[in-house]
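Chemist: Take this sequence and fold it.
(2 chains)
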Amino acid sequence: MSRALPPPTSLRLVNDEPAIALDPAALQRLRDLDPGGRGRLLERVLEAFESSSTRLAAQLVEARERDDTAGIRLVVHTLKSSSASIGALLLARLCAEIEASLRDGMHADLAGRLDAMLHELQVVLQMVKPMLKGTPPP
Amino acid sequence: MNSLAGPFADDLPERPKVLLVDDDEVNLLLTSVALRDQGFAVTEASSGEKAMRVLADWLPDVVVLDALMPGLDGFETCKALRLLPGCESLPVLMLTGLDDDASIAHAYEVGATDFFVKATQWSLLAGRLRYLLRASRTRAELERSKSRLARAQDLARMGSFDWKRGQGGPLYSVEGLRVFGFGPGDQPSFRSLLRMVPEEERSAFLELTHSAMDRSTVLATDIHARLGDGRQRIVHIEAEPEFNEHGNLIGYTGIVQDVTDRRLAEDRIRHLANFDTLTGLPNRRQLIWRAERSLEHGRRLGHQVALLLIDLDRFKIVNDTLGHGAGDELLMEVSRRLRSCVRHSDQVLENSLESVGVRSHRTLEAVGRLGGDEFVALLPEVIDEGDAERVATRILEVMRTPITIGMQECFVTASVGIAIFPRDGQTVADLLRNSDVAMYAAKSAGRNASSLYRPTLAGRGREKLELESALHKAIERNELVLHYQPKIDVRGAKMVGAEALMRWRRHGVLVAPGDFIPLAEETGLIIPLSEWAIREAARQARVWQDNFGFDDSIAVNLPNRLFERTDLVEYIHNAVTTYGVPHRMIELEITETGLMKDLQNVIPALHRLNEIGVEISIDDFGTGYSSLAYLTTLPISELKIDRSFVRDLGMTPQSSAVVTAIIALARSLGLRVIAEGVENLRQMEVLHRLGCGIMQGFLFSKPQAPEDIERWLEQTVLPKKAPWIGQAHEVEVADVPRPLRGRETRLKPPG
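Modeler: I've put the predicted structure just below:
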């Protein structure tokens, strides 16, 4: 990552309810897929998320430098669904909003939105890291 | 991971193979884990390019494609995979975003089977996939069944059509077009199809069609059609009306089928079932059917029906001497001739009769072949028996011209039996039986004639026939037995030979020779019967030889025709050799009448027999007209005085005069003499006194089974317990002429 990310802001959902970076219900769904954790599914999913989101974030930087809207759109599209999968609901929503506005050709405040999204990604990744070491999420 | 067999009904593969294509690692991992958990076998591909590589040599049951991917995206991938062989109808599920309407539309455009909004509810995806698989399977089955139907219709030369009211002519399926000789692109008008139907059928067909439409009923008919290439076909049309919700006829839907081959086959089957293949005449089945219809008409209209049974005379001889091929040729010629004797009509088959009218029974008239050389002429209406007799006479007449087969001219005659309905029978079976009886009467009256049935005839011919066929089998069934009547030297009180007499044990009852020997002679069966008797006598001679030192001869009665057989000597030789007894132990008896009737032909055989030691005895002597000149030269050994003279001995002087003469004749010719039918002591005494010492008759023993003869010898003759034994001795004391000399020395007196 060539650019410093803005500091994490307090997270809020649209309806102003206190937000959490990772939805416990979503995490529970993942655990349900792997009863007893024998398949280390949760860890593998989070690992996959960490590596792919890191790769996507790098792709995003390149696309922004080239002003490659389609490239930006593909990154947020992919990030949208993978973040939704691990319960990073706010991140998923931010991605979806950016994707939708790009599809509709509205580029207003794209930089700010992308920054906010990347910030949320950092928050999520920080939550993910301890879980990768086998400790349960807070 | 749980493998759940449950969620899949048995119409799906146990673990459906899924190719999962997604560039998002997280999704790829989660989706594949979730699907595996639901019982799918998942293969992952992280890009469209990788998916295409996988599909190049592997075929999944279903493909799940992420729509948006870098490089080859889902849409491009879908488009590309549709071009791969085997993937044309592979179910493809496109994963799209929730709010991405454009992608959804695009997905269908590129050939995706369905779309699914990406979500974290994996069970929903699994359910959708299952639905997709089922739908795809159903579709594949539908395709298969459609192509099977098309193939079946093709094989059945069948196609379908639809006709909607107010929309011109019927529309045909490809197969339907083919029935009428059109290609898939053709759109023949109803008028052009109608022109294929022969003109004379056309209006009837149109009428039928209109009346079906007017009444909204099912249309089913066959039409003849001349196709564009000139082929004549028979097309079956069957259509059902279709109605709208108000119950109004809106059209017809149905099938057309080329049934030409089936019709021809049916005609052929019907012909084979009803007509004799050799002569082409109606067969038994068809004849009986015609006869039954004739009787129905006769009953209803009150007229008489005649049934003529025609049997060729001596057809068997033609078959035996010229071969079956010649026999068949003869039957064909006979058929042609017989056919000319009646107003024969071929074309009467079931269900074509009703329409012809009151006199339609006339068309039933025919000659048919019952089988073998038996034919029937059916006259469905006769005024009287004279009508039938005239036809019979005509039949006998047409047979008169010789039939040339190969280079041979054959003279064939027939015997005809006539039975008239209702006089001679109420049913076809009765009439057939009675015409058969009449036919046999014609045969026994000398053949080549016709005979009307008379109740007095009943029972004769048939009984005789049954007897004849039973007699045929009597030998192989071991039903024949020989009984033996001893020849007695009364002076010595000793058995000096025996005469073998044939008996037929039929159904456990002994049939007397008088009841079957004449029949055997008439039919020629006497030959095998006699041959059997010779062998059996030789066998018995051996048994007796072994049992009690029998050393005399057993006399077998032979008809004169057997002496004409050149192999008789050989046959006897074989018979005695088989059982290891000398030739002289078989003696042959021929009647005086039989001998004299055919003297010239019989003499050579007599000489040959005599040479090998077989003696000849003249049976029933005194009843025929012997040429005394011949008698002196014939190689014979014995004269048997006929029982009629013996019976009257001591009652009429003539009889003793005849007996005396015979004895004198025998003595002067150096022949043995033996008296038959000796029943009482008086006859015995007279015979003995006149110089005949050898006798045969009930006084001594009736003809008995060989075991009984042995018992009789042992219990009666040896202990000298019979009344005739003492008597004979007393007679011997009186001085009587001694006629025995020469050959009869082997009939040694005891001691």
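Chemist: For the rest of this, base every contact and every neighbour count on C-alpha atoms.
Modeler: Will do.
Chemist: which residue packs closest to B:R337, ignoring adjacent ones?
Modeler: Leaving aside its chain neighbours, B:R337 sits nearest to B:V398 (6.3 Å; criterion: Cα to Cα, 6 or more residues apart in numbering or on different chains).
Chemist: now the one you found: how far from B:G166?
Modeler: Distance of B:V398 to B:G166, computed by Cα to Cα, to the nearest Å: 68 Å.
Chemist: ok, these two, which is more surrounded?
Modeler: B:V398 (15 against 8; other Cα atoms under 10 Å in any protein chain shown).
Chemist: In chain A, which helix is the longest?
Modeler: helix A:41-66 (DSSP state H).
Chemist: So for that one, what gets flagged as buried?
Modeler: Within helix A:41-66, the residues that qualify as buried are A:41-43, A:45-50, A:52-54, A:56-57, A:59-60, A:62-63, counting by 16 or more other Cα atoms under 10 Å in any protein chain shown.
Chemist: circling back: now do the same for the residue nearest to B:R337: its pLDDT.
Modeler: pLDDT, B:V398: 92.
Chemist: do the same with A:A4
Modeler: 46.
Chemist: pretty sure A:A48 is touching B:D23, no?
Modeler: No - between A:A48 and B:D23 there is no contact under Cα atoms under 8 Å: 11.8 Å.
Chemist: In the chain, where is pLDDT below threshold?
Modeler: Picking chain A for this. A:1-19, A:133-138 (pLDDT under 70).
Chemist: Sorry, I should have been clearer: chain B.
Modeler: In chain B, residues with pLDDT under 70: B:1-13, B:98-99, B:346-359, B:458-465, B:727-751.
Chemist: Near chain A, which residues of it? Just list them.
Modeler: B:1, B:23-27, B:29-30, B:33-34, B:37, B:68-70, B:118-120 (Cα under 8 Å from any Cα of the partner chain).
Chemist: Give the PyMOL command for selecting the buried subset of the residues you listed.
Modeler: The buried residues among those can be selected in PyMOL (16+ other Cα under 10 Å) with this line:
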select buried, chain B and resi 23+24+25+26+27+29+30+33+34+37+68+69+70+118+119+120
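Chemist: Can you flag which of the residues of chain B next to chain A belong to strands?
Modeler: Among these, no member is found in strands (DSSP state E).
Chemist: Can you show me the strands along the stretch 501-650 of chain B?
Modeler: B:509-511, B:554-557, B:586-591, B:615-621, B:638-641 (DSSP state E, counting those that start in this stretch).
Chemist: Could you please name the strands the third one pairs with and the direction of each pair?
Modeler: Neighbouring strands of strand B:586-591 in its sheet, by DSSP bridges, are strand B:554-557 (parallel), strand B:615-621 (parallel).
Chemist: The shortest one now?
Modeler: Strand pairing for strand B:509-511, using DSSP bridges, gives strand B:494-506 (antiparallel).
Chemist: any idea which element the nearest residue to B:V678 once chain neighbours are set aside lies in?
Modeler: Distances taken as Cα to Cα, 6+ apart place B:G697 nearest to B:V678, at 4.3 Å, with adjacent residues excluded. Assigned by DSSP states H and E, B:G697 belongs to neither a helix nor a strand.
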